[in-house]
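[1] just need the structure, nothing else, for what follows:
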Amino acid sequence: MIEFHSPEGQRATPADCYSLGIDLTAEQPQVVGLLANGFPDSENFLRHIGAELEARIDGIEVRVWNKGNASIAAPKAMLDEIQAQCDAVIAAYGH
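    Next up, the predicted model:
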């Protein structure tokens, strides 16, 4: 007989549900930032994703940043720039 064990643990605090999103029906373009983590080809991958987003979703503009080094946090100046220019951000981690 095979038994399956759920690795889910008990929560110490209740989940805090929230929703994130942007209004894709807005009159002005919605700007989505893509933040590459600095691993080889992470920026190329995100540029491909960005091109697909722009091709499939009317009224969306994509901008790409690359922090350049996967072992550091994104610099504050870069984060400030992204926050000032974007309505939403997708960060790519891993390799």
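[2] average model confidence for stretch 62-79?
    Average pLDDT, stretch 62-79: 95.
[3] mind listing what's buried in it?
    Residues 62, 65, 66, 67, 74 are the ones in stretch 62-79 that count as buried (16 or more other C-beta atoms under 10 Å). Placement of C-beta: from N, CA and C, glycine included.
[4] okay, the longest helix along the chain in CSV with CA atoms only?
    For the chain, the longest helix by residue count, based on DSSP state H, is helix 42-56. What follows is helix 42-56, C-alpha atoms only, in CSV (Å, rounded to 0.1, in the frame of the first residue of the first chain):
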residue,chain,number,x,y,z
SER,A,42,18.1,36.4,-18.0
GLU,A,43,17.7,39.7,-19.9
ASN,A,44,17.3,38.0,-23.3
PHE,A,45,14.7,35.7,-21.7
LEU,A,46,12.8,38.7,-20.3
ARG,A,47,13.0,40.6,-23.6
HIS,A,48,11.4,37.7,-25.3
ILE,A,49,8.6,37.6,-22.6
GLY,A,50,8.2,41.4,-23.0
ALA,A,51,7.8,41.1,-26.8
GLU,A,52,5.1,38.5,-26.3
LEU,A,53,3.3,40.6,-23.7
GLU,A,54,3.3,43.6,-26.1
ALA,A,55,2.1,41.4,-29.0
ARG,A,56,-0.7,39.8,-27.1
